[in-house]
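In: Kindly return the folded structure for what I paste below:
(one chain, ligands or ions: 1)
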Amino acid sequence: MSVRRKLIAGNWKMNGLKAQLGEVSAIAPLAAGRADIDVALFLPATLIAAAAPLAGDVLIGGQDVHQAESGAYTGNVSAAMLVEAGAGGTLVGHSERRAYQCESSADVAAKAARAHGAGLMVVLCVGETLETREEGDDAAHAWVVDQLLASLPEDADPEWLTIAYEPVWAIGTGKVATPPQIAAMHGALRAALVEKLGEAGEAMRLLYGGSVSGDNAADILHLPNVDGALVGGASLTAAKFAPIIAAA
Ligand code: PGA
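Out: Residues are numbered from 1 along each chain as shown. Below you'll find the predicted structure:
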(Lines give C-alpha, C1' and ligand atoms only; values in the text may rest on other atoms or scores of the structure.)
Protein backbone atom coordinates (compact mmCIF):
# COMPACT_ATOMS: atom_id res chain seq x y z
CA MET A 1 0.00 0.00 0.00
CA SER A 2 1.31 3.39 -0.87
CA VAL A 3 1.90 5.90 1.90
CA ARG A 4 -0.04 9.07 1.31
CA ARG A 5 1.36 12.24 2.90
CA LYS A 6 -1.33 14.17 4.67
CA LEU A 7 -2.30 17.59 3.30
CA ILE A 8 -3.88 20.21 5.51
CA ALA A 9 -5.32 22.90 3.27
CA GLY A 10 -7.06 26.15 4.12
CA ASN A 11 -9.64 27.81 1.89
CA TRP A 12 -10.13 31.48 2.72
CA LYS A 13 -13.01 31.83 0.22
CA MET A 14 -13.93 35.53 -0.30
CA ASN A 15 -12.25 36.59 2.94
CA GLY A 16 -8.96 38.36 3.49
CA LEU A 17 -7.43 41.76 2.82
CA LYS A 18 -3.78 42.73 3.15
CA ALA A 19 -4.45 43.38 6.83
CA GLN A 20 -4.83 39.60 7.28
CA LEU A 21 -1.44 38.71 5.75
CA GLY A 22 -0.05 38.46 9.27
CA GLU A 23 -2.03 35.22 9.57
CA VAL A 24 -0.09 33.77 6.61
CA SER A 25 3.17 34.76 8.33
CA ALA A 26 1.94 33.10 11.52
CA ILE A 27 0.87 29.88 9.73
CA ALA A 28 4.22 29.53 7.88
CA PRO A 29 6.26 28.38 10.93
CA LEU A 30 3.58 25.78 11.77
CA ALA A 31 4.43 24.04 8.50
CA ALA A 32 8.18 24.61 8.71
CA GLY A 33 8.58 22.15 11.54
CA ARG A 34 6.58 19.43 9.76
CA ALA A 35 8.52 17.46 7.16
CA ASP A 36 5.86 14.71 7.37
CA ILE A 37 2.87 16.67 6.05
CA ASP A 38 2.00 19.31 3.47
CA VAL A 39 0.21 22.56 4.27
CA ALA A 40 -1.52 24.79 1.73
CA LEU A 41 -3.58 27.99 1.76
CA PHE A 42 -6.00 28.73 -1.07
CA LEU A 43 -6.31 32.50 -0.95
CA PRO A 44 -8.25 35.19 -2.81
CA ALA A 45 -6.36 35.87 -6.07
CA THR A 46 -5.67 39.44 -4.93
CA LEU A 47 -3.56 38.20 -1.99
CA ILE A 48 -1.44 35.57 -3.73
CA ALA A 49 1.46 37.79 -4.82
CA ALA A 50 1.76 39.39 -1.39
CA ALA A 51 1.32 36.11 0.50
CA ALA A 52 3.76 33.95 -1.47
CA PRO A 53 6.96 35.53 -0.07
CA LEU A 54 5.63 35.16 3.48
CA ALA A 55 4.52 31.54 3.20
CA GLY A 56 7.74 29.53 3.61
CA ASP A 57 6.89 25.84 3.17
CA VAL A 58 3.14 26.57 2.91
CA LEU A 59 1.93 26.20 -0.66
CA ILE A 60 -0.11 29.22 -1.72
CA GLY A 61 -2.88 28.58 -4.22
CA GLY A 62 -5.87 30.12 -5.94
CA GLN A 63 -9.50 29.08 -5.46
CA ASP A 64 -10.44 28.65 -9.11
CA VAL A 65 -8.87 28.88 -12.55
CA HIS A 66 -10.39 29.32 -15.99
CA GLN A 67 -10.21 26.41 -18.42
CA ALA A 68 -9.08 28.60 -21.34
CA GLU A 69 -5.46 29.68 -21.68
CA SER A 70 -6.41 33.36 -22.06
CA GLY A 71 -8.94 35.53 -23.84
CA ALA A 72 -12.31 37.22 -23.54
CA TYR A 73 -13.40 35.87 -20.14
CA THR A 74 -14.08 39.00 -18.10
CA GLY A 75 -13.50 38.56 -14.41
CA ASN A 76 -11.68 35.24 -14.65
CA VAL A 77 -8.12 34.28 -13.72
CA SER A 78 -5.93 32.08 -15.92
CA ALA A 79 -3.50 29.39 -14.80
CA ALA A 80 -0.53 31.42 -16.07
CA MET A 81 -1.75 34.41 -14.02
CA LEU A 82 -1.86 32.27 -10.88
CA VAL A 83 1.64 30.94 -11.54
CA GLU A 84 3.02 34.42 -12.18
CA ALA A 85 1.47 35.67 -8.95
CA GLY A 86 3.34 32.96 -7.04
CA ALA A 87 0.71 30.24 -6.70
CA GLY A 88 1.73 26.60 -6.63
CA GLY A 89 -1.78 25.20 -6.89
CA THR A 90 -5.48 25.82 -7.14
CA LEU A 91 -8.83 24.50 -6.02
CA VAL A 92 -11.29 23.49 -8.72
CA GLY A 93 -14.92 22.42 -8.48
CA HIS A 94 -15.68 23.78 -5.02
CA SER A 95 -19.40 23.35 -4.35
CA GLU A 96 -19.84 27.11 -4.01
CA ARG A 97 -18.56 27.53 -7.57
CA ARG A 98 -20.59 24.61 -8.88
CA ALA A 99 -23.72 26.12 -7.26
CA TYR A 100 -23.27 29.88 -7.72
CA GLN A 101 -21.23 29.95 -10.95
CA CYS A 102 -23.04 26.99 -12.52
CA GLU A 103 -19.81 25.08 -13.14
CA SER A 104 -20.34 21.60 -14.56
CA SER A 105 -18.17 18.56 -13.90
CA ALA A 106 -16.90 18.86 -17.49
CA ASP A 107 -15.82 22.44 -16.72
CA VAL A 108 -14.09 21.21 -13.58
CA ALA A 109 -12.18 18.51 -15.49
CA ALA A 110 -11.07 21.11 -18.06
CA LYS A 111 -9.98 23.52 -15.32
CA ALA A 112 -7.94 20.80 -13.62
CA ALA A 113 -6.22 19.88 -16.88
CA ARG A 114 -5.43 23.53 -17.65
CA ALA A 115 -4.02 24.12 -14.18
CA HIS A 116 -1.84 21.02 -14.41
CA GLY A 117 -0.62 22.12 -17.83
CA ALA A 118 0.65 25.32 -16.22
CA GLY A 119 2.43 23.39 -13.47
CA LEU A 120 -0.08 23.87 -10.65
CA MET A 121 -1.12 21.17 -8.18
CA VAL A 122 -4.88 20.81 -8.01
CA VAL A 123 -7.39 20.04 -5.26
CA LEU A 124 -10.59 18.89 -6.98
CA CYS A 125 -13.71 19.12 -4.79
CA VAL A 126 -16.79 16.91 -4.85
CA GLY A 127 -19.74 16.46 -2.50
CA GLU A 128 -23.46 15.87 -2.26
CA THR A 129 -26.28 18.17 -1.15
CA LEU A 130 -28.47 17.46 1.85
CA GLU A 131 -31.26 16.43 -0.50
CA THR A 132 -29.10 13.68 -1.98
CA ARG A 133 -27.81 12.56 1.43
CA GLU A 134 -31.39 12.21 2.63
CA GLU A 135 -32.00 9.66 -0.14
CA GLY A 136 -29.70 7.38 1.86
CA ASP A 137 -26.02 6.58 2.18
CA ASP A 138 -25.87 4.32 -0.89
CA ALA A 139 -27.49 6.99 -3.05
CA ALA A 140 -25.05 9.59 -1.74
CA HIS A 141 -22.04 7.33 -2.45
CA ALA A 142 -23.23 6.64 -5.99
CA TRP A 143 -23.93 10.31 -6.65
CA VAL A 144 -20.52 11.53 -5.42
CA VAL A 145 -18.65 8.75 -7.24
CA ASP A 146 -20.43 9.77 -10.46
CA GLN A 147 -19.55 13.42 -9.85
CA LEU A 148 -15.91 12.51 -9.21
CA LEU A 149 -15.59 10.38 -12.35
CA ALA A 150 -17.20 13.13 -14.46
CA SER A 151 -14.84 15.74 -12.96
CA LEU A 152 -11.57 13.79 -13.34
CA PRO A 153 -9.25 15.10 -16.04
CA GLU A 154 -7.86 12.61 -18.59
CA ASP A 155 -4.36 12.54 -17.16
CA ALA A 156 -5.35 12.41 -13.47
CA ASP A 157 -2.28 11.57 -11.43
CA PRO A 158 -1.60 11.68 -7.67
CA GLU A 159 1.65 13.58 -8.32
CA TRP A 160 -0.41 16.71 -8.91
CA LEU A 161 -4.05 15.90 -8.17
CA THR A 162 -5.77 15.61 -4.78
CA ILE A 163 -9.50 14.98 -4.26
CA ALA A 164 -11.51 16.71 -1.51
CA TYR A 165 -14.83 15.27 -0.37
CA GLU A 166 -16.96 18.06 1.05
CA PRO A 167 -20.61 17.33 1.80
CA VAL A 168 -22.42 20.56 0.89
CA TRP A 169 -24.56 20.27 4.03
CA ALA A 170 -21.45 20.28 6.23
CA ILE A 171 -19.80 23.38 4.73
CA GLY A 172 -19.88 26.40 7.01
CA THR A 173 -22.77 24.90 8.98
CA GLY A 174 -20.95 23.49 11.98
CA LYS A 175 -22.61 20.17 11.02
CA VAL A 176 -19.74 17.71 10.49
CA ALA A 177 -20.32 14.39 8.76
CA THR A 178 -19.96 11.58 11.31
CA PRO A 179 -16.78 9.48 11.28
CA PRO A 180 -18.70 6.44 9.89
CA GLN A 181 -20.23 8.62 7.14
CA ILE A 182 -16.80 10.01 6.21
CA ALA A 183 -15.10 6.59 6.29
CA ALA A 184 -17.84 5.04 4.13
CA MET A 185 -17.76 7.81 1.53
CA HIS A 186 -13.96 7.83 1.37
CA GLY A 187 -13.99 4.05 0.98
CA ALA A 188 -16.41 4.37 -1.96
CA LEU A 189 -14.29 7.10 -3.56
CA ARG A 190 -11.10 5.08 -3.06
CA ALA A 191 -12.67 2.03 -4.70
CA ALA A 192 -13.80 4.13 -7.67
CA LEU A 193 -10.36 5.72 -8.05
CA VAL A 194 -8.61 2.33 -7.91
CA GLU A 195 -11.02 0.88 -10.45
CA LYS A 196 -10.42 3.82 -12.79
CA LEU A 197 -6.72 4.51 -12.23
CA GLY A 198 -5.23 1.38 -10.65
CA GLU A 199 -2.18 2.09 -8.47
CA ALA A 200 -2.50 5.81 -9.11
CA GLY A 201 -5.97 5.67 -7.57
CA GLU A 202 -4.52 4.04 -4.47
CA ALA A 203 -1.92 6.80 -4.17
CA MET A 204 -4.28 9.76 -4.72
CA ARG A 205 -4.96 11.81 -1.62
CA LEU A 206 -8.55 12.11 -0.41
CA LEU A 207 -9.23 15.08 1.87
CA TYR A 208 -12.33 15.65 3.96
CA GLY A 209 -13.84 19.13 4.23
CA GLY A 210 -16.85 20.61 5.97
CA SER A 211 -16.75 22.29 9.39
CA VAL A 212 -13.35 20.80 10.28
CA SER A 213 -12.01 22.41 13.47
CA GLY A 214 -9.44 21.86 16.16
CA ASP A 215 -12.09 19.98 18.13
CA ASN A 216 -12.86 17.31 15.51
CA ALA A 217 -9.70 17.19 13.36
CA ALA A 218 -7.97 14.33 15.17
CA ASP A 219 -11.02 12.04 14.93
CA ILE A 220 -11.43 12.77 11.21
CA LEU A 221 -7.75 12.64 10.21
CA HIS A 222 -7.24 9.19 11.71
CA LEU A 223 -10.01 7.59 9.65
CA PRO A 224 -8.98 5.16 6.90
CA ASN A 225 -8.66 6.81 3.48
CA VAL A 226 -8.66 10.31 4.98
CA ASP A 227 -5.42 11.90 3.80
CA GLY A 228 -5.98 15.40 5.08
CA ALA A 229 -8.51 18.17 5.41
CA LEU A 230 -9.81 21.14 3.45
CA VAL A 231 -10.65 23.78 6.02
CA GLY A 232 -12.68 26.92 5.48
CA GLY A 233 -13.58 29.05 8.50
CA ALA A 234 -10.96 27.54 10.80
CA SER A 235 -8.12 28.37 8.38
CA LEU A 236 -8.60 32.13 8.60
CA THR A 237 -6.42 32.52 11.68
CA ALA A 238 -3.24 30.77 12.76
CA ALA A 239 -4.79 30.26 16.20
CA LYS A 240 -7.63 28.14 14.78
CA PHE A 241 -5.59 26.45 12.04
CA ALA A 242 -2.68 25.41 14.32
CA PRO A 243 -4.52 22.62 16.21
CA ILE A 244 -5.68 21.10 12.91
CA ILE A 245 -2.12 21.01 11.59
CA ALA A 246 -1.00 19.57 14.93
CA ALA A 247 -3.65 16.83 14.68
CA ALA A 248 -2.34 15.61 11.30
P1 PGA B 1 -15.81 25.16 6.32
O2 PGA B 1 -15.55 25.20 4.73
O3 PGA B 1 -14.60 24.51 6.95
O4 PGA B 1 -15.97 26.60 6.72
O5 PGA B 1 -17.04 24.35 6.54
C6 PGA B 1 -14.90 24.15 4.08
C7 PGA B 1 -14.80 24.45 2.60
O8 PGA B 1 -15.79 24.88 2.00
O9 PGA B 1 -13.74 24.24 1.98
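In: Tell me how far whichever residue of the chain sits closest to the ligand lies from Ala246.
Out: The minimum distance from the chain to the ligand, using C-beta to the nearest ligand atom, falls at Gly232 (2.2 Å). Where C-beta positions appear, they are placed from N, C-alpha and C, glycine not excepted. Distance, Gly232 to Ala246, using C-beta to C-beta, to the nearest Å: 18 Å.
In: Pick out whichever of these two has more residues nearby.
Out: Counted by other C-beta atoms under 10 Å, Gly232 and Ala246 do not tie: Gly232 has more neighbours, with 21 against 13.
In: Tell me, how many residues neighbour Ala142?
Out: Ala142 has 16 neighbouring residues, counting by other C-beta under 10 Å.
In: Report the buried residues of the helix or strand Leu21 falls within.
Out: Using DSSP states H and E, Leu21 sits within helix 21-32. Using 16 or more other C-beta atoms under 10 Å as the test for burial, helix 21-32 gives 21, 23-24, 27-28, 30-31.
In: From Thr132, how far off is the closest residue to Leu41 other than its chain neighbours?
Out: Excluding the flanking residues, the one nearest Leu41 by C-beta to C-beta, 6 or more residues apart in numbering is Gly10, at 4.6 Å. Applying C-beta to C-beta, the value for Gly10 to Thr132 is 26 Å.
In: Asn76 too?
Out: In this view, Asn76 and Thr132 are 29 Å apart by C-beta to C-beta.
In: and the nearest residue to Met81 once chain neighbours are set aside, how many neighbours does it have?
Out: For Met81, ignoring the flanking residues on the chain, the nearest one in space by C-beta to C-beta, 6+ apart is Ala45 at 7.7 Å. Look at Ala45: counted by other C-beta under 10 Å, it has 17 neighbours.
In: how much space is there between Ala45 and Asn76?
Out: 10 Å.
In: what's the answer for Leu54, then?
Out: Plainly put, Leu54 is 26 Å away from Asn76 if you go by C-beta to C-beta.
In: again with Gln63
Out: The value you get for Gln63 to Asn76, if C-beta to C-beta is used, is 12 Å.
In: ok, these two, which is more surrounded?
Out: Gln63 (22 against 16).
In: you'd agree that one is up against Leu47?
Out: No: with contact defined as C-beta atoms under 8 Å, Gln63 does not reach Leu47; the gap is 10.6 Å.
In: Quick check: neighbours shared by these two?
Out: Counting by C-beta atoms under 8 Å, 6 or more residues apart in numbering, the residues touching both Gln63 and Leu47 are Trp12.
In: element containing the residue nearest in space to the middle of the chain?
Out: Of all residues in the chain, the one closest to the mean position by C-alpha atoms, centre = their mean is Val123, 4.2 Å from it. In this assignment (DSSP H and E), Val123 forms part of strand 121-126.
In: Alright, I will stop here.
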